[in-house]
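A.B. asks: Coordinates only, no sequence provided:
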């Protein structure tokens with residue numbers, strides 16, 4: 001039998017907070033695309049945000065398994081969230097520098113064929 005979740009469960013709170021953060025983040029992305037100059041564009045045009053964008057796919061891939069692993073091991077929502085952020089960003093950065101970037105550098109050796117079927 002499935003147990004019912006109450007609003008006091010950390011999973012419920014995380015889903016609500018996570019979705020709120022996602023909504024605000026997406027709003028900032030849309031605003032940054034719409035405004036190419038001004039304070040918002042200057043605030044979003046920083047080196048650390050660019051770096052986070054570089055490793056963002058890794059963060060996306062690794063955050064869920066890490067979160068599931070932490071779920072039964074860390075009771076505090078704040079501690080679990082902090083550990084999730086630090087661990088996901090760290091593993092995503094390692095993945096980028098040790099796996100993804102070296103593999104992407106191989107693209108120069110084997111170019112994709114053009115629509116005509118010939119390599120140039």
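C.D. replies: All right, it came through fine. These figures come from a predicted structure and were not determined experimentally.
A.B. asks: can you pull out the strands in the chain?
C.D. replies: Applying DSSP state E to the chain gives no strands.
A.B. asks: Residue 19: neighbour count?
C.D. replies: 10 (other CB atoms under 10 Å). Glycine gets a C-beta too; all of them are placed from N, C-alpha and C.
A.B. asks: Pull up the gap between it and residue 25, please.
C.D. replies: Noted for residue 19: a distance of 11 Å to residue 25, by CB to CB, to the nearest Å.
A.B. asks: repeat for residue 72
C.D. replies: For residue 72 relative to residue 25 (CB to CB), the value is 28 Å.
A.B. asks: Also residue 106?
C.D. replies: Taking CB to CB, one finds residue 106 at 32 Å from residue 25.
A.B. asks: that older thread, neighbour count for residue 72 and residue 25, which is higher?
C.D. replies: Between residue 72 and residue 25, residue 25 has the larger neighbour count (other CB under 10 Å), namely 10 against 7.
A.B. asks: any idea how far residue 73 is from the more buried one?
C.D. replies: From residue 25 across to residue 73, the span is 27 Å (CB to CB).
A.B. asks: Also residue 83?
C.D. replies: Counting by CB to CB, the gap from residue 83 to residue 73 is 9 Å.
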